[in-house]
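In: Provide a 3D model corresponding to the input given below.
(chains A and B)
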Amino acid sequence: MVTPKPDAVTDDALPTELLEAPAPTPRVTTLAGTTVPSGAKQGSTTGRATKSRSGGASAARRPARNARTLRVARPAPGADAPEVLSIVGLSKHYGETVAVDSMTLSVKEGSFFGIVGPNGAGKTTTLSMVTGLLRPDTGTVTIHGLDAWTQPQAAKRQVGVLPDRLRLFDRLTGLQLLHYSGELRRLPNEQVRARSADLIQAFALEDAAHRLVADYSVGMTKKLALACAMIHSPRVLVLDEPFESVDPVSAANLTDILEKYVRAGGTVLLSSHSMDLIERVCDSVAIIIGGKLMAHGTLDEVRQGQTLEDRFVELAGGRQAAEGLEWLHSFTD
Amino acid sequence: MASHPTDEREGEGTVGTILRLKLHLMANIFRRNVWQAVGLGLGLLYGLGVAAAACIVLVFLRTVDAPAQLRDVLTVVGAIVVVGFAVVSLLFGVDDTLDPRKFALFGIPNRRLSISLAVAALLGAPGVALVFVMSSTVVTWSRGPGEIVIAIICALCAIATCVLVSRLAAGIAGLLLATRRARELTGVLAVLLFVVLSPGAAFFATLDWRHATWEVLSDLAAIVGWTPVGAAFAAPGDAASGNWGLATARCLIALATVALLWFGWERLVARMLVTPQREAASRNYRGVGWFDRTTNGPTGAIAARSLSYWLRDARYWMSLVMIPVVPVLVVIPLLLAGLGAQWLALVPVPFLAVFMGWSMHNDTAYDSTAIWLHIASGVRGVADRVGRVIPMLVAGVIVIGIGASVTGLVLNDWRAIPGLIGVSAAALFGSLGIGCYLSAQFPYPVSKPGDSPFQQPQSTGALMALVQVGVMLGTGIVALPAGVFLLLGVTTGVTSWHLIGLAAGTVGGLAVLAAGIWLGGRVFERRGPEILQAAIRA
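Out: Prediction:
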């Protein structure tokens, strides 16, 4: 991801000089003297490069294809941190199919919790039962001490929701949908106005605010839906595939917003099938396969010294050998 | 295509593959669920029954010795069938399972694809029925070897014309109506077409059929027989009447029509394969619209959202346009039946009221899966119900006020107006109240947001019928007391009956509305997740 090459520095004034530099060290010092930001960037780049190089060296003893760098995990909340969401014995069946099988999971306050699993593993089903969108067959969900299914009104007030693959009221403009979300959550009018304006700015939706959501691209729709989920400043954000179809720049912005939210004591529970994303942003992880919880805990506890992807593939039953497709290499004309 | 033998074989392969694909698609419709399969089966049986009846009639017509008249009837009916194939495909063909664009990535040669798709279009209830019916016309005209030859040629031409016309119409619709806004416009266009056609239908209904029929028909057939839509149906009759020159000319017209349509279809397929979906230009709105003008909080917000949808969503426009059309449709037969003006004038306003309230009975389903927002936000059921009712309630009260005044002016007699208001209020409040409950308890699938309003989902069936009958019957019962008082008032001429009717209608209607909101609200809160699941399945 992070290349040690100097052209990673994107300051407009400097790249050619940096590229031409025969001996980087003295040039950088002089540059650092003249412009502070470029020096800071250069420093951070080399810092990360060293980190990844050392990771690569330690992994070199493993087989070549596993030579991946281990990202340093974000610190998880301590063991004494209060529990903000607890799921106990949650199950959902569809006829003979078991979508979620007696899942028990707890999320600590202030944690950035990621649920990973292959397609159809039951991630969306689990999150829907947490947010009150799907009635569980058995089990309880407790949010900030409130039972989500016996005290739904109070529990729902604590949660901001971004579902996957459900429609929005897309005949409203972006601004109207934000208003609508705020009003449904009983925010006072002035607050709805102020927060909508802030969110539109934070999510870079200025150009789209007055267009119908039906005319948005998928990524923009996702950004707007995320903004709608936050408008009532919930204690917990439950986000189903929040970064799918979102462009890298917006994804980086969203990650920043979510990181600040977590730092301020908020809790994020998100699902994704992108291991890389989860490993980068989350401090705690749960791996769900076939409706069953295979592992959960802090990122380091779960991945056990491997990359999350390798650990995940291992839990899912290992890689399937890519044999028997030889015909694929003799091309049809 | 015939240049290489291997090419030929592969070509047959493509036709076979696409035919099998079409069969699989049809079979899978039956797999979705039992009730849907039953509904579809009944529909098929009905369609095939009609086709079988047509076949029997056509075979029987072999014995009728009046070829000229027979020709005129078949020409006009045939032309209507061809136009029907075109119109139905134009309106419903937007989401076509065998859209040529779906095959764009397979690199099938254009001609082969065009043939395959046209042949595959024959599979399916309309295609099969068409083949049987057209085969029967050969029997009708089997009055000599020459006639049989012409009848066979023309039957083939007619089948090809219908199939190609329908494919062309669906393709053109797919090309032109690729954008959301254009798709929504079709709904409005169709309603306009309907409104324009109704005077025509009324004209035909009032025609003196016993005397003028044959003249009108033969005049019409004489013209239609020369057009591409009618030539194939007229030619065998000409031959049977001994008019061989005419028969040959019309036969040539029919053949030329098929050739032209084929040429057009092939070009259209080629064009569609390289035309990407169009992008819609989007429009800017300012401010937050109705959200500024309603009260703060969930109820006001839901009312504002509902109102915005009434003005922006083509599916709602359909209901809006139907509201004034329905009373007209009710009045016309009553007028023809010779109902007196003093009674007739009392009919439209209550019917307007019923159909304004009617729009509520499946309102929840129109949100589709977007309803999750209400459920996840923990919106109170009563707030949800009241918010949805407000637009039609306000509009309905205004319409009743204006309508009652206009009725009074027309009758130049204001004594019956309180009674009329009573009946209308009972009808409006009653249908809204019953709708409030039923739309939470039994939402049935409707066309999805952004789809054409005419694209009914496959799985409506029994639930839809049940809910609609429920709303109608319930509204009738709520409005019955006020209606009886209105009748008493008009027949006896005693004004106090009308005042009693006003009180009974308003109070009864409001009670039902309040009960519907309360009950519907409870159901909405209790069944929130199930309503969402129903929307996801739809």
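In: switch to C-alpha atoms for all contacts and neighbour counts from now on
Out: Will do.
In: need the contact list for residue 254.
Out: This is for chain A. Shown in contact with A:Leu254 (CA atoms under 8 Å, 6 or more residues apart in numbering or on different chains): A:Phe203.
In: Can you look at chain B instead?
Out: B:Cys154, B:Cys157, B:Ala158, B:Pro228, B:Ala231, B:Ala232.
In: State whether it is indeed within a helix.
Out: Yes - according to DSSP: H, G, I helix; E, B strand; the rest coil, B:Ala254 belongs to a helix.
In: Wasn't A:Ile87 part of a helix?
Out: No - judged by three-state DSSP, A:Ile87 forms no part of a helix; its state is strand.
In: Next one: it relative to chain B, how far apart?
Out: Distance, A:Ile87 to chain B, by CA to the nearest CA, to the nearest Å: 18 Å.
In: ok, that residue touching A:Gly145?
Out: No - counting by CA atoms under 8 Å, A:Gly145 is not a contact partner of A:Ile87; they are 11.5 Å apart.
In: Go ahead and report the secondary structure state at A:Lys92.
Out: Assigned with three-state DSSP, A:Lys92 falls in the strand class.
In: Repeat that for A:Val161.
Out: Of the three states, A:Val161 takes strand under three-state DSSP.
In: Near chain B, which residues of the stretch 51-200 of chain A are found?
Out: Proximity of the stretch 51-200 of chain A to chain B is confined to A:131-135, A:152-153, A:156-157, A:161, A:166-169, A:171-173, A:175-176, A:179-181, A:183-189 under the rule CA under 8 Å from any CA of the partner chain.
In: which of those residues count as buried?
Out: Using 16 or more other CA atoms under 10 Å in any protein chain shown as the burial test, these include A:131-135, A:152-153, A:156-157, A:161, A:167-169, A:171-173, A:175-176, A:179-181, A:183-187, A:189 as buried.
In: Am I right that B:Gly378 is in a helix?
Out: No - B:Gly378 is assigned coil when assessed by three-state DSSP, not a helix.
In: Most widely separated two among the contacts of B:Ala254?
Out: Pairwise distances across the contacts of B:Ala254 (CA to CA) peak at 11.8 Å, for the pair B:Cys154 and B:Pro228.
In: Please identify which of those two sits among more neighbours.
Out: Using other CA atoms under 10 Å in any protein chain shown, the more surrounded residue of B:Cys154 and B:Pro228 is B:Cys154, with 26 against 20.
In: what's the closest non-adjacent residue to that one?
Out: Counting by CA to CA, 6 or more residues apart in numbering or on different chains, B:Cys154 lies nearest to B:Ala232, which is 4.9 Å off, once chain neighbours are set aside.
In: ditto for A:Val262
Out: Leaving out its chain neighbours, the residue that sits closest to A:Val262 by CA to CA, 6+ apart is A:Gly110, at 5.4 Å.
In: these two touch, right, the one you found and A:Pro77?
Out: Yes - using CA under 8 Å, A:Gly110 is in contact with A:Pro77, at 6.4 Å.
In: Return the subset of the buried ones among the residues of the stretch 51-200 of chain A next to chain B lying in strands.
Out: Judged by DSSP state E, the subset of those located in strands is A:Val161.
In: shaky segments in chain B?
Out: B:1-12, B:29, B:32-33, B:35-36, B:91-97, B:176-213, B:276-286, B:452-461 (pLDDT under 70).
In: For it, which residues are neighbours of chain A?
Out: B:280, B:282-289, B:291, B:296-298, B:301-302, B:305, B:308-309, B:312-313, B:367-370, B:372-379, B:528-530, B:532-533, B:536.
In: Can you flag the buried ones in those residues?
Out: Buried by 16+ other CA under 10 Å: B:288-289, B:291, B:296-298, B:301-302, B:305, B:308-309, B:313, B:367-370, B:372-379, B:528-529, B:532-533, out of these.
In: Sort out for me which of those residues are in helices.
Out: Counting by DSSP state H, the part of those found in helices is B:298, B:301-302, B:305, B:308-309, B:372-376, B:528-529, B:532-533.
In: of the residues you listed, closest to B:Ser116?
Out: For those, the residue nearest B:Ser116 by CA to CA is B:Gln533; the value is 38.6 Å.
In: ok now do the residue of the stretch 301-450 of chain B found nearest chain A, which residues does it touch?
Out: Per CA to the nearest CA, B:Ala370 is where the stretch 301-450 of chain B lies closest to chain A, at 4.5 Å. For B:Ala370, the contact set (CA under 8 Å, 6+ apart) comprises A:Leu166, A:Arg167, A:Leu168, A:Phe169.
In: Just send the residues you listed back as TSV, with pLDDT and distance to B:Ala345 too.
Out: TSV is the format used below for those (pLDDT from 0 to 100; distance: CA to CA, whole Å):
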residue	pLDDT	distance to B:Ala345
A:Leu166	89	48
A:Arg167	90	45
A:Leu168	91	44
A:Phe169	91	41
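In: Any regions of the stretch 101-250 of chain A where pLDDT drops low?
Out: Regions of the stretch 101-250 of chain A meeting the criterion pLDDT under 70 are absent.
In: And the helices in it?
Out: A:123-130, A:152-157, A:174-184, A:189-202, A:218-230, A:248-263 (DSSP state H, counting those that start in this stretch).
In: okay, these, which one's buried deepest?
Out: Comparing these by mean neighbour count (mean count of other CA atoms under 10 Å in any protein chain shown), helix A:174-184 ranks first with a mean of 27.
In: relative orientation of that helix and helix A:218-230 in degrees?
Out: Here helix A:174-184 runs at an angle of 30 degrees relative to helix A:218-230 (axes from the mean of the first three to the mean of the last three CA atoms, to 10 degrees).
In: and helix A:174-184 with helix A:189-202, angle?
Out: Relative orientation of helix A:174-184 and helix A:189-202, computed by the same axes, to 10 degrees: 140 degrees.
In: what's in contact with helix A:174-184?
Out: For helix A:174-184, contacts defined as CA under 8 Å, 6+ apart pick out A:169, A:189, A:192-193, A:196, A:200, A:208-213, A:224, A:227-229, A:231-232, B:287-289, B:291, B:296-298, B:301-302, B:305, B:373-374, B:377, B:379.
In: export that helix as CSV, just CAs?
Out: Taking C-alpha atoms only, helix A:174-184 is exported to CSV below (Å, rounded to 0.1, in the frame of the first residue of the first chain):
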residue,chain,number,x,y,z
GLY,A,174,-30.4,14.8,-0.4
LEU,A,175,-31.1,17.7,1.9
GLN,A,176,-34.7,16.7,2.3
LEU,A,177,-33.8,13.2,3.2
LEU,A,178,-31.4,14.5,5.9
HIS,A,179,-34.2,16.6,7.2
TYR,A,180,-36.6,13.7,7.1
SER,A,181,-34.2,11.5,9.1
GLY,A,182,-33.7,14.2,11.7
GLU,A,183,-37.4,14.9,12.1
LEU,A,184,-38.3,11.3,12.4
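In: nearest residue to B:Leu164 other than its sequence neighbours?
Out: Nearest non-adjacent residue to B:Leu164, counting by CA to CA, 6+ apart: B:Leu261, 6.2 Å away.
In: Please determine how far that neighbour is located from chain A.
Out: Look at B:Leu261 and chain A: by CA to the nearest CA, they are 34 Å apart.
In: what's the burial count for that residue?
Out: By other CA under 10 Å, the residues close to B:Leu261 number 20.
In: Equivalent analysis for A:Gly266, please.
Out: By the criterion of other CA under 10 Å, A:Gly266 has 20 neighbours.
In: For it, give me the pLDDT.
Out: Predicted confidence (pLDDT) for A:Gly266: 90.
In: and what of the one 3 residues further on?
Out: At A:Leu269 the predicted local distance difference test score is 93.
In: Give me the phi and psi for it.
Out: Dihedral pair for A:Leu269: phi -120, psi 110, per degrees, to the nearest 10.
In: how far away is the residue of the stretch 1-150 of chain B found nearest chain A from B:Val274?
Out: Residue nearest to chain A within the stretch 1-150 of chain B: B:Gly107 (12.1 Å; CA to the nearest CA). Distance, B:Gly107 to B:Val274, using CA to CA, to the nearest Å: 11 Å.
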